[in-house]
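J.: Take this sequence and fold it.
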Amino acid sequence: MNTKIVAAIALVALAGSANAETVLVWGTGNGGYGTDDIAAWLQASGRFDSVSWLDQDNGVDLATLNAYDKVLYFSNSSSTQDPNEIGDVLADYADTGKRLVLATFAWAQQGGNTLGGRIMSDAISPFTITGSSFYTNVSIGSTDGSLFWGGVNSIAGFFHDNVGVAAGATLRGSWSDGSPLLATKGNVVGVNLFPDDTWGWVSGDHQQLFINALDEVPAPGTVGALSILGLAALRRRR
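T.: Below you'll find the predicted structure:
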């Protein structure tokens, strides 16, 4: 078979199967609220094979996280968490090269719910901690137009942290108040928004933003841009 045809077929296959992965939603300080609901709407997106959830403040080890292809971590209250223990294990997971998404209140500067450990000291997090969290109404101010924003037309948010962009990170979107909204650093994505929408104070396409943050590729059943280009080239040569 012509090598160009083989390459095009491989690209199409990759575009259709790239989303088949497992996700863990890990919330600390959020017991009894909506961590399970986050897992449910991520699962309903059809972008992942399976989505599990965990409300556990401490004692989560790398083996637990490493059983999943992708992890979404967020924190809430600061009653019992050990921020250094949590930050260290998240850093260990990031070191594997798998996708790690961090969300508010990870950078809250409010005590135990604020990330410490290597995830911050080694500048693995795309965001730095600048001050205490913001509790103000915001909307999307600007984006870089990347795949993270596919299907995200508007968000009205409230809970977000006072963060800066870490050295070496790429800012991909900002809130209307000028604070960073989304940034990436290697395989780690920071989303400066609280993902548990059972609390309210958020509307619009916030769920889609987290879905994209975990898996910023075309949805199942679509053909990626490289595949389209490859097939078009083949047609022109016939």
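J.: Show me what the strand ranked longest in the chain pairs with in its sheet, parallel or antiparallel.
T.: In terms of residue count, the longest strand belonging to the chain (DSSP state E) is strand 127-143. If you go by DSSP bridges, strand 127-143 pairs up with strand 155-165 (antiparallel), strand 170-175 (antiparallel).
J.: Looking at these, spot the one closest to G200.
T.: With CB to CB as the criterion, G200 lies closest to strand 155-165 of the strands paired with strand 127-143, at 8.3 Å. To be clear about C-beta, it is placed using only N, CA and C from the backbone, and glycine gets the same treatment.
J.: among the strands paired with strand 127-143, which is nearest Q43?
T.: Q43 sits nearest to strand 155-165 of all the strands paired with strand 127-143, at 20.9 Å, using CB to CB.
J.: residues in contact with that closest one?
T.: Applying CB atoms under 8 Å, 6 or more residues apart in numbering, the contact partners of strand 155-165 are 104-109, 126-140, 171, 175, 179-181, 183, 190, 192-194, 199, 201-206, 209.
J.: could you redo the last one with a cut-off of 7 Å?
T.: For strand 155-165, contacts defined as CB atoms under 7 Å, 6 or more residues apart in numbering pick out 104-105, 107-108, 126-140, 171, 175, 179-180, 183, 192-194, 201-206, 209.
J.: Please apply the same query to stretch 127-140.
T.: 105, 107-110, 114, 154-166, 173, 175-177, 179-181, 183, 190, 192.
J.: before we move on, the earlier item: buried subset of the contacts of strand 155-165?
T.: Neighbour counting by 16 or more other CB atoms under 10 Å classes 104-105, 107-108, 126-129, 133-134, 138, 140, 171, 175, 179-180, 183, 192-194, 202, 205-206, 209 among those as buried.
J.: where are the low-confidence patches of this protein?
T.: Residues of the chain meeting the criterion pLDDT under 70: 1-20, 217-238.
J.: nearest spatial neighbour of S203, skipping sequence neighbours?
T.: Of all residues not flanking S203 in the chain, A156 sits nearest, at 4.8 Å (CB to CB, 6 or more residues apart in numbering).
J.: mind listing what the residue lying closest to V138 once chain neighbours are set aside touches?
T.: Among residues not flanking V138 along the chain, W175 sits closest, at 4.2 Å (CB to CB, 6+ apart). Shown in contact with W175 (CB under 7 Å, 6+ apart): V138, G141, H160, L181.
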